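# Any chance you could fold what I've pasted below:
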Amino acid sequence: MSFRERFARWLFRLGRDEHLPVVLTRRRIFILPTGAGILYAIVLVVMLIGAINYNLSLGHALVFLLAGIGLVGMVHTFRNLLELQLHPGRAEPVFSGETAYFQLHLDNARLLPRYALEFSIGRNGGVLCDVPPEEQTVVAVPFATTRRGRIDPGRITLASRYPLGLFRVWSYPHPPLSCLVYPRPIETPFPPASPASQSGGTTGITGQEDFSGLRQHQSNDSPRHIAWKAVARDIEHRPLLVKQFDGGAVEELWLDWSLTPEAADVEKRLSLLAGWVVRAEREHRRYGLRLPGRSIPPCSGTTHRSVCLEALALYGD
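Numbers count the residues shown, from 1 in each chain. The predicted structure is shown next:
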C-alpha cells in the first residue's frame with residue numbers, strides 16, 4: 001500500500017465498518033464549498049469592497065445578511081448527515097455484467113427530515129433519497145458487476161448539497177455488504193450425453209405415464225403437474241395439489257464439466273454450464289451438475305437452480 005493510500009485511509013477513516021449500525025459521527029463527516037459556494041463568496045467579497053468604497057451602509061448590511069445565510073446553510077448541510085444510522089441489507093444474486101443493487105436501511109432518529117441524500121459506489125451512478133423524521137427508509141445502491149463470485153462493493157460515498165448547494169458534505173461508510181454474482185450465461189444447445197451421463201440418465205422413481213393420485217405441492221414441482229381442476233372445486237380450503245404418475249421414467253439431464261470444450265478457458269466453460277442450467281430450468285427439465293470435485297444430484301425448481309448457479313459462481317474459491 002502506497003503512502004498516498006495509507007494517508008487517505010487515515011484521513012477519511014477508510015476501512016470496513018465492523019460495528020453495526022454504522023453511525024455517522026462528526027469525525028466521519030467532511031464538508032467543503034462547491035463551485036457555486038466559491039463563486040458566492042467571491043461575489044460577497046466584491047460587494048463588500050464596493051460597499052466600503054462608496055460608504056454604503058445598506059450594502060454592508062446586505063453583504064453581512066448574505067454571508068450569514070451562507071453560514072447557516074453550511075451548518076444545515078453538515079447536520080443533514082450527522083447521526084444518521086446505516087444498516088446493511090441483502091443484495092439479490094445477479095449474473096456477471098448485470099447491475100447489482102445493495103440495500104441500505106437508513107434510520108433517522110432526529111425530529112427533522114433529511115433531504116437529498118446521494119448514495120453511490122465508485123463511478124457507478126448514484127441514487128437520491130429522503131428520510132422522514134423518526135422513520136426508516138430503504139435505499140438500493142447500484143453497482144455494475146464485471147466478474148463472478150462473491151463481491152464486496154467497497155466503500156459507499158454518501159453526499160448531500162442540501163439546502164442551498166453552496167457546500168458539499170460527504171462521508172465514506174463501508175458496511176459489510178456482499179453480493180453473489182453468477183457467471184454470465186452463454187445459451188447453447190444441450191451437449192450430447194456422455195457415457196457417465198447415460199449410465200444414470202433415467203430413474204424409475206416417478207414416471208409420466210399412468211396417473212396414480214394427488215399429493216400436496218412442493219417447491220420444486222413443475223407447474224404443468226398442478227391439478228387445477230381439483231383445486232378449483234374448493235380453492236379457499238383445499239391446498240395446492242399435484243398429479244402423481246407411475247410406470248414410466250423421467251429423463252435426467254447431466255450438465256457435466258467434461259462436456260464443455262477443453263480448449264476454452266475456465267470462465268467460458270462456467271458460462272456455458274450456467275447457460276445450460278438456465279435453459280434446463282426454463283424447460284422444466286430434471287438436471288444435475290458435475291464439476292471437478294463436486295457433484296449436485298438431479299432435481300428441478302428455483303432452489304435447485306440457485307444451488308447450481310452458486311456452485312458455478314464460487315468455483316475455484
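# For the helix or strand containing Val46, buried residues please.
Using DSSP states H and E, Val46 falls within helix 35-54. Residues of helix 35-54 classed as buried: Gly37, Tyr40, Leu44, Met47, Leu48, Ala51 (neighbour count, 16 or more other C-beta atoms under 10 Å). (Glycine included, C-beta is placed from N, CA and C.)
# For that helix, which helices and strands make contact with it?
Contacts defined by 3 or more C-beta pairs under 8 Å, 6 or more residues apart in numbering; DSSP states H and E place helix 35-54 against helix 57-79.
# And the next helix or strand past the helix it packs on?
strand 85-88.
# Neighbouring strands of the next helix-or-strand element following that next one in the sheet, and parallel or not?
For strand 85-88, the following helix or strand on the C-terminal side (DSSP H and E) is strand 94-95. Strand pairing for strand 94-95, using DSSP bridges, gives strand 179-182 (parallel).
# Need the contact partners of the partner strand.
Residues from elsewhere that reach strand 179-182, judged by C-beta atoms under 8 Å, 6 or more residues apart in numbering: 91-96, 100, 102, 143, 145, 147-151, 153, 274, 309-310, 312-314.
# Looking at these, which are in helices?
When DSSP state H defines the helices, the subset of those inside them is Ala274, Leu309, Glu310, Leu312, Ala313.
# what number of residues lie near the last one?
Looking back up the chat, that one is Ala313. Residue neighbour count, defined by other C-beta atoms under 10 Å, stands at 22 for Ala313.
# thinking again about what came up before, in PyMOL, how would I select just the buried ones from the contacts of strand 179-182?
Under the burial definition 16+ other C-beta under 10 Å, those of the contacts of strand 179-182 that qualify are selected in PyMOL by:
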select buried, resi 91+94+95+96+100+102+143+145+148+149+151+153+274+309+312+313
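# Show me which residues of stretch 114-129 are buried.
Neighbour-count burial for stretch 114-129, counted by 16+ other C-beta under 10 Å, picks out Arg114, Leu117, Glu118, Phe119, Ser120, Ile121, Gly126, Cys129.
# Give me the subset of those residues lying in strands.
Arg114, Leu117, Glu118, Phe119, Ser120, Cys129 (DSSP state E).
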